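Peer 1: sequence unknown, structure follows:
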Ligand SMILES: NC(=O)N[C@@H](CC(=O)O)C(=O)O
Ligand SMILES: [Zn+2]
Ligand SMILES: [Zn+2]
């Protein structure tokens, strides 16, 4: 088997070392000479544990015209990820052992990242009847994260039962926090800009009310709650309160909510339409602060590719969601690292270690160390690149960052000791 020698990389920004990889594992770190090994020149590059995304939409089965497990896996590898959690809002919905096993094996065949399926909480995401959570947990896909994402589990009794049920196998319910009665017809954040544009608003309280309720429920039954795509300053306050109470609540923020605001809707370009919506500059500041403090635990992409027909249309007809896998790390560098709010260790914490722990992915989220599995990412912190929608992996191109020049570029990604990306380009993958 091929040996790989990464030369002169800086683990988490520390002093440069060489890293020798064989049979999927790191076998030596320091000043290493290995004549037979293939050398990867990593001078000036940061070495991170492979990134882990807790919130990805892969669209297969059902909307392969927008993304497949293969194309989404490739986008993930290019973005520096070694594992992604695939959301359940596919067609058919991932609400049975059969569907989650199918997605899991498609991911393994694709061979670019570990694809860990998320199971639906309710049958068909309909919010009426619990799905077969136990069967999904004991399937080959070993599901631990359950979510009706795209929809809120709004019935408090059902939410309580789901939280209680997953306790048996240390599962977690990942909630899309949106009180549906408060967002009927909503098109964008409810505020000054929506009033000016005459678009129906999605108020902050619709998110905050559900987070507060679910935190109370999770505290009451002693279960794990994860809050998806936190978007408001008020939500950060509620999470701070929940954590102070010692409840088992974790939360994620998406890159787009760390950078973009509702002002962008004045263009009426549906590329800026997303759930929850882009909020105000005050919300953006509070989210950055919450992420720096650890009140918000992780960054997750909510990568939501959509076909051209679903996105290149008028605002009200467009589907919500934006692509994010290939831009996530750069947006985090731009919003959090360049400002000094977090360092590279902080990036590893929020984009690898903690998401791996929440998802229960034992092989991921470990700092580079001798004996450990080689799931690694090499980043050039000084590179810049300009985003072009048509150059992103997969058939969709709904990126809100088109034309922006972003800092930081992924140069290589290793999955179990084999490169999925080298020199910033995809390899053949690591299947077979
Ligand atoms: N975020 C979005 O705007 N859309 C997501 C669903 C979701 O994450 O709620 C999608 O599946 O397209
Ligand atoms: Zn959602
Ligand atoms: Zn989502």
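Peer 2: Structure's in. What do you need? Bear in mind that the values here come from a model prediction, so they are computed numbers and not experimental data. Numbers count the residues shown, from 1 in each chain. Ligands and ions are numbered 1, 2, ... in the order given.

Peer 1: is it fair to say residue 39 lies in a strand?
Peer 2: Yes - under DSSP: H, G, I helix; E, B strand; the rest coil, residue 39 sits within a strand.

Peer 1: and the closest residue to ligand 3 within the stretch 101-250 of the chain, what does it touch?
Peer 2: Closest residue of the stretch 101-250 of the chain to ligand 3, Cβ to the ion: residue 149 (4.4 Å). Any C-beta I mention is one placed from the backbone N, CA and C, and that applies to glycine too. Residue 149 is in contact with 55, 87-89, 118, 174, 176, 228, counting by Cβ atoms under 8 Å, 6 or more residues apart in numbering.

Peer 1: switch to 6 Å and redo it
Peer 2: By Cβ atoms under 6 Å, 6 or more residues apart in numbering, residue 149 lies in contact with 87, 89, 176, 228.

Peer 1: same for ligand 2: which of these are within range?
Peer 2: Contacts with ligand 2 within the contacts of residue 149, counted by Cβ under 5 Å from the ion: residue 176.

Peer 1: closest to residue 110 out of the contacts of residue 149?
Peer 2: Relative to residue 110, the closest of these is residue 87; by Cβ to Cβ it sits at 16.6 Å.

Peer 1: the closest one reaches residue 57, doesn't it?
Peer 2: Yes - using Cβ atoms under 6 Å, residue 87 is in contact with residue 57, at 5.0 Å.

Peer 1: which residues does the longest helix that the chain contains contact?
Peer 2: As assigned by DSSP state H, the longest helix anywhere in the chain is helix 204-221. Here helix 204-221 makes contact (Cβ under 6 Å, 6+ apart) with 159-160, 163-164, 175, 177-179, 182-183, 225, 227, 232, 234-235, 238, 242, 245, 247, 249, 276.

Peer 1: mind running it again at 7 Å?
Peer 2: Residues outside helix 204-221 that contact it (Cβ atoms under 7 Å, 6 or more residues apart in numbering): 152, 156, 159-160, 163-164, 175, 177-179, 182-183, 224-225, 227, 231-232, 234-235, 238-239, 242, 245, 247-249, 276.

Peer 1: that's a helix at residue 136, yeah?
Peer 2: Yes - when three-state DSSP is applied, residue 136 is found to be in a helix.

Peer 1: OK, contacts around the spatially most central residue of the chain?
Peer 2: Geometric centre of the chain, nearest residue: residue 300, 2.9 Å, by Cα atoms, centre = their mean. Counting by Cβ under 7 Å, 6+ apart, residue 300 makes contact with 53-55, 252, 254, 355.

Peer 1: give me the subset of the contacts of residue 149 lying in helices.
Peer 2: Going by DSSP H, the helices hold none of these.

Peer 1: leaving out sequence neighbours, find the closest residue to the closest residue to ligand 2 within the chain.
Peer 2: Nearest residue of the chain to ligand 2 (Cβ to the ion) works out as residue 176 at 3.5 Å. In this structure, residue 176 finds its nearest non-sequential neighbour in residue 149, 4.6 Å apart by Cβ to Cβ, 6 or more residues apart in numbering.

Peer 1: one more: residue 313?
Peer 2: Of all residues not flanking residue 313 in the chain, residue 270 sits nearest, at 6.7 Å (Cβ to Cβ, 6+ apart).
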